[in-house]
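[1] coordinates for the following, if possible.
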Amino acid sequence: MSYVSLVPFRKESDVSAASYVPAGVEMIEAPSQWEETFQGAGNVIAVIDTGCQTDHPDLQHQIIGGRNFTSDYRGNPAFIEDNNGHGTHVAGTIAAADNGFGIAGVAPKARLLILKALNGSGSGSMQGIIDSVRYAVSWRGSNGERVRVISMSLGGPQDVPELHEAIKEAVAADIAVVCAAGNEGDGDIDTAELAYPGAYNEVIQVGAVNFSNELTPFTNTNDEIDLTAPGASILSTYVGSSYARLSGTSMAAPHVSGALALVTNWAEAGFGRRISEPEMYAQLLRRTVPLGYPLSAEGSGLLLLGTVERLAQTLQSETAGF
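    Below is the predicted model of the structure:
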């Protein structure tokens with residue numbers, strides 16, 4: 001069985017005093033949707049990564065459970081502490097608490113299931129990833145909670161059929177699987193770079209843009225890209241109860257994972273029922289805006305959660321003008 005590793009990323013700085021709402025969270029317009037979507041409450045997001053600092057002030061009350069699938073900590077399945085930093089950063093972007101200090105994530109009231117499948121050096125076995133996906137599918141909380149989203153900012157060059165099957169099982173269970181596109185991009189949008197599991201059709205593959213709405217030169221481009229999100233100089237939680245700015249598609253994917261909790265709550269309140277994974281995906285893509293790049297580079301475009309609301313306001317204004 002092959003090995004998998006973190007999607008390469010760049011740590012740009014440590015931050016001693018974090019701003020309350022990071023620019024990436026603002027850019028996708030998450031705060032404007034918090035009231036109507038209950039900040040993602042009721043959704044569990046499984047984070048398959050290097051673990052998480054479980055006593056980080058912004059994350060300690062967000063974690064609903066977890067399991068270690070690595071040999072770190074002598075393979076103790078209960079030890080999910082992050083000995084790398086990547087997983088804590090991803091977790092913070094998804095669901096750091098709206099607690100008045102530190103930072104707030106995209107969905108501050110969502111809960112996190114921390115699945116440590118990558119070790120302190122950022123690598124892990126493909127079997128560990130497969131087991132983590134299947135654990136997320138079968139997991140049930142003490143009150144019957146189920147995972148709604150799986151977030152994976154990791155990848156490898158090989159198409160592994162067993163991993164593909166596990167992901168298909170997750171999607172069939174109405175779990176949205178969000179994956180980073182990868183950072184092997186060569187700056188040429190006409191060439192394709194593939195990393196798995198991001199390149200599987202069943203997942204939601206996320207590319208990265210900067211704060212100027214420009215595609216980052218490192219982001220992979222291929223025919224399976226679904227959308228883009230902020231992935232350059234992203235501020236989030238970090239080990240040591242600190243904060244840091246990191247860059248990579250690893251940072252773009254968790255913006256989408258958190259956004260799915262908000263979108264799901266909005267749709268389920270409107271429909272009055274639980275929605276399926278295809279419906280989650282459709283509602284997500286309704287909230288994207290094309291940036292002018294080929295579909296293979298940006299998919300449906302940049303995630304902007306206020307898009308539906310703006311469209312409704314525009315239609316109302318046009319109707320009122322007749």
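
[2] quick one: end-to-end length of stretch 151-160, please.
    Stretch 151-160 has an end-to-end distance of 18 Å (Cα to Cα, to the nearest Å).

[3] please identify the buried residues of stretch 301-309?
    Neighbour-count burial for stretch 301-309 flags 301, 302, 303, 304, 305, 307 (criterion: 16 or more other Cβ atoms under 10 Å). Every residue, glycine included, has its C-beta placed from N, CA and C.

[4] give me the distance between the two termini of stretch 288-295.
    From start residue to end residue, stretch 288-295 stretches across 13 Å - Cα to Cα.

[5] for it, which outside residues touch it?
    189-190, 209, 213-215, 221, 223, 225, 227-228, 298-304, 307 (Cβ atoms under 8 Å, 6 or more residues apart in numbering).

[6] report the buried members of those residues.
    189, 209, 215, 221, 225, 227-228, 298-304, 307.

[7] which of the residues you listed fall in strands?
    209, 225, 227, 228, 302, 303 (DSSP state E).

[8] pairing partners for the second one in the sheet, please.
    This points to residue 225. On the basis of DSSP bridges, residue 225 is bridged to residue 205.

[9] that one reaches residue 180, doesn't it?
    No: counting by Cβ atoms under 8 Å, residue 225 does not reach residue 180; the two are 11.1 Å apart.

[10] can you pull out the low-pLDDT segments for the stretch 151-300 of the chain?
    By pLDDT under 70, the stretch 151-300 of the chain has no low-scoring segment.

[11] quick one: pLDDT of residue 11?
    Note for residue 11: predicted pLDDT of 65.

[12] re the thing from before, pick the one among the buried ones among the contacts of stretch 288-295 closest to residue 287.
    residue 307 (4.7 Å; Cβ to Cβ).

[13] give the residues shared as contacts by residue 225 and residue 180.
    205, 206.

[14] returning to what we had before: the buried residues of stretch 301-309: which two are farthest apart?
    301 and 305 (12.8 Å).

[15] any shared contact partners between these two?
    Counting by Cβ under 8 Å, 6+ apart, nothing touches both residue 301 and residue 305.

[16] all helices for the stretch 51-200 of the chain, in order.
    Ranges of helices in the stretch 51-200 of the chain, per DSSP state H, counting those that start in this stretch, are 86-95, 126-138, 161-172.

[17] buried deepest among the ones you listed, which one?
    helix 86-95 (a mean of 31; mean count of other Cβ atoms under 10 Å).

[18] which helices and strands does that one pack with?
    Here helix 86-95 touches strand 44-49, strand 111-116, strand 234-238, strand 242-247, helix 249-271, going by 3 or more Cβ pairs under 8 Å, 6 or more residues apart in numbering; DSSP states H and E.

[19] deepest-packed of those, please.
    strand 44-49 (a mean of 29).

[20] gap between stretch 208-220 and the chain center?
    16 Å (Cα atoms, centre = their mean, to the nearest Å).

[21] for that stretch, measure first residue to last.
    OK, stretch 208-220 end separation, Cα to Cα: 9 Å.

[22] now do stretch 200-219
    Note: stretch 200-219 ends 16 Å apart using Cα to Cα.

[23] kindly report the same for stretch 233-251.
    9 Å.

[24] same deal with stretch 83-102?
    For stretch 83-102, the end-to-end distance is 21 Å (Cα to Cα).

[25] likewise for stretch 58-73?
    24 Å.

[26] can you check stretch 217-228 too?
    Rule used - Cα to Cα; the end-to-end distance of stretch 217-228 is 13 Å.

[27] what do you get for stretch 232-246?
    For stretch 232-246, the end-to-end distance is 7 Å (Cα to Cα).

[28] nearest to the middle of the protein, which residue? Look it up for me.
    Nearest residue to the geometric centre of the chain (Cα atoms, centre = their mean): residue 254, 2.2 Å.

[29] so it makes contact with residue 112?
    No: Residue 254 is beyond contact range of residue 112, at 10.5 Å (criterion: Cβ under 8 Å).

[30] any common contacting residues for the two?
    47, 91, 94.

[31] for the second one, which non-adjacent residue is closest in space?
    Read that as residue 91. residue 52 (4.8 Å; Cβ to Cβ, 6 or more residues apart in numbering).
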